[in-house]
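S.K.: Quick one, what's the 3D model for this:
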Amino acid sequence: MSTFASILIALLALSIIIIVHETGHFIAAKASGIKVLEFGLFMGPKLFSKTIKGTVYSIRAIPIGGFVAMEGEEENVISPTSYSSAKPYKKILVSFAGPFFNIIFAFLILAILFSFTGYALDTNTIIDMNGPLYEAGLRDGDKIISIDNKRVNDPSDITMILYPIKEVTPVNVVYESYGIKQTVSVLPIKQGGKRVMLNISTQNSNTIVADIDKDSNGYIAGLRVNDMITHINDNPVSTPKQLSERVTKNGVGSIKVTVLRENEQLTFVFDTIESESMEYLDLGVYYYSTDINFLQAVKHAVLYSFSVVKTVIVSIAWLITGIVSISEMMGPVGIISTIGEQIKQPTFVLFIINLVNMMAFISINLGVMNLIPFPALDGSKIIIHSIEWIKGKPFNQDKMKYVTIAGFVLLILLLVITTFNDIFRLIK
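M.R.: A predicted model of the protein is given here:
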């Protein structure tokens, strides 16, 4: 898949997530008797529009996002159908509906995905023989229950539990083996940092080349997508881990790579590169997917969604406390770039799996972030309308407009900073 196609699909995926959010506002407004002036798909100049029952439905030129414009949303309008004249509980419903739709959308697509592709159950563990958990006595199939008294409901929780630990210190792992709970003290190992690479991506479970940059040394030498790497410097490799270890052992410089391409063995010699990535702690446990029924798919879609919600909330707390710096935040450029990279897969099935996973993750992020009580976000409107409800007196919509503008300016500033971060990461 070309870079242009990946970016286009990423833009459309992000647009769908935003449109889902706006659809929530739209349906809640209609159900509450609030007049919707326009429901627009995408942004920019209008390409097409049609008015149905007082609402303009439009399609615009720039293929990203969407919007809902309600009567009296930005100014005081004395009318039984205006947002400003609506009862507080109706305005709360309209404000909450956008984030709620994002979370429900993520849950639904995850449940459908898991029912078709399976899921990594908590007993679907592979304990790395060279990792700290194996050394502590854990074996394949053991279920990890908690780490340092933090519950592991989903495999993704392990990364979030270990992330704030900056120094390599022992952690207490509670696990279940053959129905018996046990506790061990484990010293995580540090991964990432500077590493030697072939500048390729392989499939998760084997050494088949999934993606390769056309400007890379390997591509110039003749390496192609779908080549299966079988040997490094005449030493056999069959897993991504073995491949990484052999490349690291080789170091920066010339390397001999043997591949299998349509039953033909080919050998290429080219230079490796050195790359630097974020360091992280690892326990040496991996999860694999297995077939599950629909009820199990629903259960794990709920658990995964809950884990992502928790991840977003914890990340915000980390940002406030300084565990995560603002330079690590990602903006639209980074999101689109990440989606684009994730969907570059050798098969259509892997493409769909990665795309749906990314869309669900970002949709939940958008939903939770919008519930933050910050001016211009839905969360602030929920707080304001709740106060209106308690006091029995509405806020002046014209004055609130200036608060919203101030919040919007701060969000634009944050957007500029995160976009700079995104571009810096891409260049780096």
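
S.K.: Just give me the neighbour total for Phe361.
M.R.: By the criterion of other Cβ atoms under 10 Å, Phe361 has 21 neighbours. Glycine gets a C-beta too; all of them are placed from N, C-alpha and C.

S.K.: how about it, secondary structure?
M.R.: Secondary structure assignment for Phe361 (DSSP: H, G, I helix; E, B strand; the rest coil): helix.

S.K.: pLDDT below threshold where in the stretch 1-150 of the chain?
M.R.: 1-3 (pLDDT under 70).

S.K.: which residues of it fall in strands?
M.R.: 36-52, 55-70, 125-127, 143-147, 150-151 (DSSP state E, counting those that start in this stretch).

S.K.: got it, and the stretch 201-350 of the chain?
M.R.: Under DSSP E, counting those that start in this stretch, the stretch 201-350 of the chain gives strands at 209-212, 228-232, 235-236, 254-261, 264-271, 273-282, 285-287.

S.K.: who wins for proximity to Gly192 among the strands of the stretch 1-150 of the chain?
M.R.: strand 143-147 (19.0 Å; Cβ to Cβ).

S.K.: got a list of contacts for that closest one?
M.R.: 122-123, 125, 138, 151-152, 158, 161-162, 171-177, 181, 283, 285 (Cβ atoms under 8 Å, 6 or more residues apart in numbering).

S.K.: Any buried residues in stretch 180-191, and which?
M.R.: Applying a neighbour-count criterion of 16 or more other Cβ atoms under 10 Å, the buried positions in stretch 180-191 are Val184, Val186, Pro188.

S.K.: quick one on the thing from earlier: least confident of the strands of the stretch 201-350 of the chain, on average?
M.R.: Lowest mean pLDDT within the strands of the stretch 201-350 of the chain: strand 273-282, at a mean of 80.

S.K.: Distance from that one to the middle of the chain?
M.R.: Distance of strand 273-282 from the chain centroid (Cα atoms, centre = their mean, to the nearest Å) equals 20 Å.

S.K.: Use 59 as the first number from now on
M.R.: Yep, numbering from 59; the last one is strand 331-340 now.

S.K.: outside of that strand, which residues touch it?
M.R.: In contact with strand 331-340 (Cβ under 8 Å, 6+ apart) are residues 189, 217, 220-221, 223, 226, 246-257, 274-275, 310.

S.K.: who's in contact with the residue nearest the centre of the chain?
M.R.: Central residue of the chain (Cα atoms, centre = their mean): Phe419, 3.9 Å from the mean position. Phe419 makes contact with Ala164, Val366, according to Cβ under 8 Å, 6+ apart.

S.K.: host element of Gly465?
M.R.: helix 455-485 (DSSP states H and E).

S.K.: Run the chain-centre distance for that helix.
M.R.: The answer for helix 455-485 is 21 Å, by Cα atoms, centre = their mean.

S.K.: ok, Val315 - contacts?
M.R.: Leu256, Gly276, Leu281, Ile287, His289, Ile290, Thr325, Phe326, Val327, Phe328.

S.K.: Could I have the buried ones of those residues as ChimeraX selection syntax?
M.R.: A single ChimeraX command is used to select the members of these judged buried by 16+ other Cβ under 10 Å:
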select :256,276,281,287,289,290,326,328
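
S.K.: Neighbour count says what about the contacts of strand 331-340? Which are buried?
M.R.: For those, buried by 16+ other Cβ under 10 Å: Gly189, Leu220, Tyr221, Pro246, Val254, Met255, Leu256, Asn257, Ser274, Asn275.

S.K.: Kindly reformat the strands of the stretch 59-208 of the chain as a markdown table containing distance to His83 and mean neighbour count.
M.R.: Converted to a markdown table, the strands of the stretch 59-208 of the chain look like this (distance: least, Cβ to Cβ, whole Å; neighbours: other Cβ atoms under 10 Å):
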| stretch | distance to His83 | mean neighbour count |
| --- | --- | --- |
| strand 94-110 | 9 | 14 |
| strand 113-128 | 5 | 17 |
| strand 183-185 | 42 | 19 |
| strand 201-205 | 39 | 19 |
| strand 208-209 | 34 | 12 |
